[in-house]
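In: Compute the structure for the input listed below.
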Amino acid sequence: MKIAILQHDIVWASPTENMTRLSQLLDNSPEADLYVLPEMFATGFIMEPEGVAEPDGGASFVWMQQQAQQRNAALAGSLCVKSGHHHYNRFYFVYPTGKVVCYDKRHLFAYGGEQRNYTAGKQRVVAEYKGVRFLLQVCYDLRFPVWSRNALDNNEVLYDVALYVASWPASRQFVWEQLLRARALENQCYVVGVNRIGNDSACQYQGGSVILDAYGRTLASCADGEEQWAVADIDMDKLKAFRSKFPVLADADHFEIRALDN
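Out: Here you go, the predicted structure:
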């Protein structure tokens, strides 16, 4: 499977401008089976979502569906969404058919006040596409390894690729890089981390978007501070062979993650 990551400079609270720029990036990138965008790619990391958030199934989501259908590929990224009386940092995995799997960010960034205006998700979500299972994760989730811990269920690994979409500041770039590799190594999985570049009123972002194999090695990456794409092939046969030869997960501690209340 071919995965493309798109690292871009997000225009603050301007979905129309951001979707125009992303459409151009998509047009200039090579064909892929899956395209991955950053966290809140349509608006930037909005802490005050009222008046900015779109309804579930709003214009930015429709754009994702249109792009997925047009390119006959899946599209993944998170949006600022209002559903009922609640706001969510919602990660959409959109299939070429228009089908969607979504995950609401569990670990809200309390240091920045995200928990004041957003509702945390309660469950982990895995999307299966073309025989590959993708764990959906958003930014701050990266710091909590239990939430992404791979495990065996009836001798079957739960997922193959962990997708992290982020607005991760440049001041903590080293942490981003190390934790992505740790997640790949401890879970014997591919890891895709897509971060934005540019500035908002609170932070500077330099990207560091990358695709890693299960050994933590870089398969593809975007240059720091550059608006660009990168593409890599993931090889499920190689991943399965590695897991069979070196069955670390079979020796892992047993635990259960249950649906959580806020």
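In: now stretch 91-99, how far from the centre of its chain.
Out: Distance of stretch 91-99 from the chain centroid (C-alpha atoms, centre = their mean, to the nearest Å) equals 13 Å.
In: any residues touching it, and which ones?
Out: Residues outside stretch 91-99 that contact it (C-beta atoms under 8 Å, 6 or more residues apart in numbering): 61, 64-65, 68-69, 71-79, 100-105, 125, 127, 129, 134, 136-138, 163, 165. All C-beta spots, glycine's among them, are computed from the backbone N, C-alpha and C.
In: For it, list every residue counted as buried.
Out: Applying a neighbour-count criterion of 16 or more other C-beta atoms under 10 Å, one finds F91, Y92, F93, V94, Y95, P96 buried in stretch 91-99.
In: From those residues, pick the one nearest R243.
Out: Each of these was checked against R243 using C-beta to C-beta; the closest is F93, at 23.1 Å.
In: That closest one: which element?
Out: According to DSSP states H and E, F93 maps onto strand 86-94.
In: Mind checking what helix or strand follows that strand in sequence?
Out: Downstream of strand 86-94, the next assigned helix or strand under DSSP H and E is strand 100-104.
In: partner strands of that following strand, parallel or antiparallel?
Out: The strands that strand 100-104 pairs with in its sheet are strand 86-94 (antiparallel) (by DSSP bridges).
In: Might you report the residue contacts of the closest residue to S29 other than its chain neighbours?
Out: Excluding its sequence neighbours, the residue lying closest to S29 (C-beta to C-beta, 6 or more residues apart in numbering) is W229, at 4.0 Å. By C-beta under 8 Å, 6+ apart, the residues touching W229 are A4, I5, L6, Q7, L25, N28, S29, P30, C222.
In: Point out the ones among those residues that are inside strands.
Out: A4, I5, L6, Q7 (DSSP state E).
In: Any idea how many residues pack against the last one?
Out: Put plainly, it is Q7. By other C-beta atoms under 10 Å, the residues close to Q7 number 28.
In: show me what contacts L79?
Out: M40, F41, A42, T43, E54, G58, S60, F61, R90, Y92.
In: Distance check, the residue lying closest to A250 once chain neighbours are set aside against N89.
Out: Closest residue in space to A250, ignoring its immediate chain neighbours: L152 at 6.3 Å, by C-beta to C-beta, 6+ apart. Distance, L152 to N89, by C-beta to C-beta, to the nearest Å: 30 Å.
In: Neighbour count for the two, which is higher?
Out: Between L152 and N89, counting by other C-beta under 10 Å, N89 is the more crowded of the two (31 against 15).
In: Okay, and the beta partners of that one?
Out: C80.
In: hmm, back to that, ok, what's across the strand from the residue nearest to S29?
Out: L6.
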